[in-house]
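1. okay, predicted coordinates and the sequence, questions at the end:
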Amino acid sequence: MTGEQTTSAANPRTSPVLDVRGVVKTFGDQPVLRGIDLTVDKHEVVVLIGASGSGKSTLLKTINLLEQVDDGQIMLGDTDITDPSANTDKVRARIGVVFQHYNLFPHMNVLDNVTLAARKVFGTPRAQAEARGLELLARIGLGDKAKEFPDRLSGGQQQRVAIARAIATDPELLLLDEITSALDPQLVGEVLDMVGELKRAGSTIVMATHEMSFARRVADRVVYLKDGVIIESGTPEEIFERPQRAETREFLARLRDPFAP
Ligand SMILES: Nc1ncnc2c1ncn2[C@@H]1O[C@H](COP(=O)(O)OP(=O)(O)OP(=O)(O)O)[C@@H](O)[C@H]1O
């Protein structure tokens, strides 16, 4: 028996980092999430795939409380974050988020961007926050950019800073929404490599992406969403090599050949 098996036998399953239960979201009369169930364990990397408009971003937004659910429940650890009494700021402080468009504050230098949440939300003393920020920037190869303003960085560098900012407060969960789709193709690799490093470092991640090769490489679990419903989820091998559902097979075939019937 391996050490890992002994540990898990001794410690029965701990509660998941994220537990999405029956989440429903409608915009006007358009149902966008139609009963989503999704559990994410610590250190797990879950990748959401699906056609444009299938509800991937909306799902991430409900988890970050940028959108309210119409029905269902979302647990972050032991906190029901969909309970009206949940403190939005406290919930958001536990979740790191990076969106498609690197939304760094343009009037702040890179280090101030990375350390802002630690200083303002967590009250970490500036010297301590900056030491951690500089360490993070050095780790991602941008140590020499600490005092630069965002507009002096390439899109890929800005997005890497946005990721550094999201992890600077050691969030329990990281949400990444199409973080490479606004980038020039030659800048995509450096950002995706950074996500690979976060995975190796043990982050818990839910990400939406159209980069299937990346989903295949980095995901522990791939979740295929269609019209607000999870059609199928499984390991990258299960989804990409042996999809069980006809809808998944059709989606993947269309990616390979957009003119497929
Ligand atoms: N605030 C909103 N008001 C009205 N409709 C919305 C709103 N946000 C999203 N939608 C609609 O909800 C549906 C799902 O959108 P969503 O952005 O979640 O899809 P997605 O899978 O992330 O797409 P993409 O891959 O293009 O980012 C779309 O039809 C979209 O137009």
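-> Nice, I can see it.
2. separation between Glu135 and Gln128?
-> Glu135 sits 11 Å away from Gln128, going by CB to CB, to the nearest Å. All C-beta spots, glycine's among them, are computed from the backbone N, C-alpha and C.
3. pull up the residues of the stretch 51-200 of the chain that are close to the ligand.
-> 52-58, 178 (CB under 6 Å from any ligand atom).
4. just the buried residues out of those residues, in PyMOL syntax.
-> Here is the PyMOL command that selects the buried residues among these (16 or more other CB atoms under 10 Å):
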select buried, resi 54+55+56+57+58+178
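5. reformat the residues of the stretch 51-200 of the chain next to the ligand as TSV; add distance to Asn64.
-> TSV is the format used below for these (distance: CB to CB, whole Å):
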residue	distance to Asn64
Ser52	20
Gly53	19
Ser54	18
Gly55	15
Lys56	13
Ser57	10
Thr58	11
Glu178	14
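6. let's see which of the residues of the stretch 51-200 of the chain next to the ligand end up in helices.
-> 56-58 (DSSP state H).
7. the closest residue to Gly35 other than its chain neighbours: neighbouring residues, count only.
-> Nearest residue to Gly35, sequence neighbours excluded (CB to CB, 6 or more residues apart in numbering): Gly22, at 5.3 Å. For Gly22, the neighbour count with other CB atoms under 10 Å is 14.
8. which of the helices or strands spans Gly22?
-> strand 18-27 (DSSP states H and E).
9. same thing with Ala166?
-> helix 155-167.
10. restricting to C-alpha, output that helix in PDB.
-> Output in PDB follows, covering the C-alpha atoms of helix 155-167 (Å, rounded to 0.1, in the frame of the first residue of the first chain):
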ATOM      1  CA  GLY A 155      -0.400  41.100 -23.300                       C
ATOM      2  CA  GLY A 156       1.100  37.800 -22.200                       C
ATOM      3  CA  GLN A 157       3.100  39.600 -19.500                       C
ATOM      4  CA  GLN A 158       0.000  41.500 -18.300                       C
ATOM      5  CA  GLN A 159      -2.000  38.300 -18.100                       C
ATOM      6  CA  ARG A 160       0.800  36.600 -16.100                       C
ATOM      7  CA  VAL A 161       0.700  39.600 -13.700                       C
ATOM      8  CA  ALA A 162      -3.100  39.200 -13.500                       C
ATOM      9  CA  ILE A 163      -2.600  35.600 -12.500                       C
ATOM     10  CA  ALA A 164       0.100  36.600 -10.000                       C
ATOM     11  CA  ARG A 165      -2.300  39.100  -8.500                       C
ATOM     12  CA  ALA A 166      -5.000  36.500  -8.300                       C
ATOM     13  CA  ILE A 167      -2.800  34.100  -6.300                       C
END
